[in-house]
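J.: The sequence and its predicted three-dimensional model are supplied below.
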Amino acid sequence: MKQLLVTAILFVSCFLFAYTIEHKENDPVPIPPSKQRTGDAAKGYQYLITGDYLKSGIPYSLFRLAFKNDSNDLQRDGLNKNLSYAYTAVKARNGVDVIAPNCLQCHAQFFDGKLVVGLGNSFSDFTINRGGYALMTEKILQKNESDKDRYEAAKSFIDAIKFISPNLLTETKGVNLADHLAELLVAHRDPVTLKWSDSAMMKIPQSAIATDVPPWWLLKKKNGMFYNGFGRGDFGRFLMASNLLTVTDTLEAEEVDSHFNDVLAYIFSISPPAYPKPVNEKLVKEGRSLFIENCEECHGSYGAEDNFPNLLIPESTIQTDSLLYSSNYSDPQFVNWFNKSWFTTGDHPAKLVPFQGYIAPPLDGIWVTAPYFHNGSVPDLEAVLNSKVRPKYWTRDFNNPVYNYENVGWTYKEENAPGGSSTYNTTKPGFGNQGHYFGDELTDKERKAVIEYLKTL
């Protein structure tokens, strides 16, 4: 009898221990805050739209042959006048005027006829191999001895584009390949010196993982950058990493880095645009109560009681497409590169801390940030809160987009099968629309109320 009792106690103890471990593994994990540099927001904005954080590009005269005057959406002057907001005219290292892409290619988008700086660009097109443009530019500049200076000014940009473009492709418009771009760039750079190598120095995954660009105005609330919150330490170091496209060495990186405290200050100053349509105040009140009851624990509170908990949600709980976070474990060489690189040095270092899951993001301005989920797989808020209506294949108009203010998202058409580059195919690896099933428990009326409340954030 005594032996039986001991056995029973041990069994129960083991069961409780196993339950405790399982429970902890499913629990949200808070991200501790990271100390950030302060700066001048006005200077940061000017550096963002006119700064030389890329010091190589297409020679100005050659660029203008291909691209005539464009709208001056940022009200810039000089060589930047009538230049698209996505490009900046700068002086190359040898003094030649060049045109380089800037951060707003991914971090700005037109909405209702107005350029919204800080809104993630959901109309990017990475279905085109731009390597041919680089090769053609190189051929033109190498042809004449008189173009020697222009070629020198363009060379580091051309070299990078030639090597990364063939690998920076997706079959679907509207998604961003920034993560894969980073992988391609660091694979060709020494982590300590940042020197470029024409040969890749580490294995590069063949698949390019697609993401949707999160809005910049959320960053001020977050303790960790990126969808899995693994960007820790100084955010400016991550923001200036676009410099890896053309940087020559750490001295140049330090000079660019010296401006990104100001850029970060500008990003922290951005607020989301307000919902432009009337809302049903009665529904908003009902939706707020439902939100507090069902969503606030992970996504935080808003208004007078504004508070964001910075919680990482384990994969076992969120159940959304896992390819993005799992790549940090299947291809750890990139995390290792960063964590032993120049970016971890000095008095404001940064580091990467992988996690098997995703951060529950703040929801400020969520009404304008469609499509949804980290991979842009869900077209509107109605489908975010009701997994049963999520389309398997869907298309939207990339030329004349129309916004659905009722369901909140881009107007789309559900398709019966995979299609061309305008069709989002959720059966492809990394493009899945599963997970985040929490809204399924709501009634249609409750769901409508929550959406009405979300319009006001």
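T.: Yes, it's here. Computed from a predicted structure; not experimentally measured.
J.: The stretch 1-150 of the chain: helices as residue ranges?
T.: Applying DSSP state H, counting those that start in this stretch to the stretch 1-150 of the chain gives helices spanning 2-26, 41-50, 60-66, 104-107, 131-143, 148-164.
J.: In the second one, which residues are buried?
T.: Pointing back at helix 41-50 there. 41, 43-50 (16 or more other CB atoms under 10 Å). From N, CA and C alone the C-beta is placed, and that goes for glycine too.
J.: Those residues into a markdown table, with extra columns for distance to D97 and pLDDT?
T.: Formatted as a markdown table, those follow (distance: CB to CB, whole Å; pLDDT from 0 to 100):
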| residue | distance to D97 | pLDDT |
| --- | --- | --- |
| A41 | 28 | 98 |
| K43 | 23 | 98 |
| G44 | 23 | 98 |
| Y45 | 22 | 98 |
| Q46 | 18 | 97 |
| Y47 | 18 | 98 |
| L48 | 19 | 97 |
| I49 | 16 | 97 |
| T50 | 13 | 97 |
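J.: Compile those residues into CSV and extend it with columns for distance to C295.
T.: Output for those, formatted as CSV (distance: CB to CB, whole Å):
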residue, distance to C295
A41, 31
K43, 37
G44, 32
Y45, 33
Q46, 38
Y47, 37
L48, 33
I49, 36
T50, 40
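J.: Find the pair from these with maximum spatial separation.
T.: Comparing every pair within these by CB to CB identifies A41 and T50 as the most remote, at 15.0 Å.
J.: and the residue nearest to L184 when sequence neighbours are not counted, how far is that from R189?
T.: Nearest residue to L184, sequence neighbours excluded (CB to CB, 6 or more residues apart in numbering): I164, at 4.3 Å. Taking CB to CB, to the nearest Å as the measure, I164 falls 12 Å from R189.
J.: Checking the residue nearest in space to the middle of the chain next. Helix, strand or coil?
T.: Central residue of the chain (CA atoms, centre = their mean): V213, 3.5 Å from the mean position. Three-state call for V213 (DSSP: H, G, I helix; E, B strand; the rest coil): coil.
J.: Now it: phi and psi?
T.: phi -80, psi 120 (degrees, to the nearest 10).
J.: What residues does it make contact with?
T.: Going by CB atoms under 8 Å, 6 or more residues apart in numbering, V213 touches 106-107, 120-122, 124, 176, 178.
J.: circling back to that earlier point, tell me who's in contact with the residue nearest to L184.
T.: I164 neighbours (CB under 8 Å, 6+ apart): 181, 184-185.
J.: Compare those residues and tell me which has the most neighbours.
T.: The residue in the contacts of I164 with the most neighbours, by other CB atoms under 10 Å, is L184 (24 neighbours).
J.: can you tell me which residues contact that one?
T.: Taking CB under 8 Å, 6+ apart, we find L184 in contact with 163-164, 167-168, 204.
J.: Closest to H259 out of those?
T.: I164 (24.4 Å).
J.: Could you give the number of residues near the closest residue to A241 other than its chain neighbours?
T.: Leaving aside its sequence neighbours, A241 sits nearest to A182 (CB to CB, 6+ apart; 6.7 Å). Residues within reach of A182, counting by other CB under 10 Å, total 17.
J.: Kindly report the same for G131.
T.: 18.
J.: ok, the closest residue to it other than its chain neighbours to I31 distance?
T.: In space, and not counting its chain neighbours, G131 is closest to S165: 3.4 Å by CB to CB, 6+ apart. Computed as CB to CB, the S165 to I31 distance reads 34 Å.
J.: before we move on, the earlier item: so can I have CSV of the contacts of I164 showing distance to T443?
T.: Shown next, in CSV, are the contacts of I164 (distance: CB to CB, whole Å):
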residue, distance to T443
L181, 43
L184, 47
L185, 48
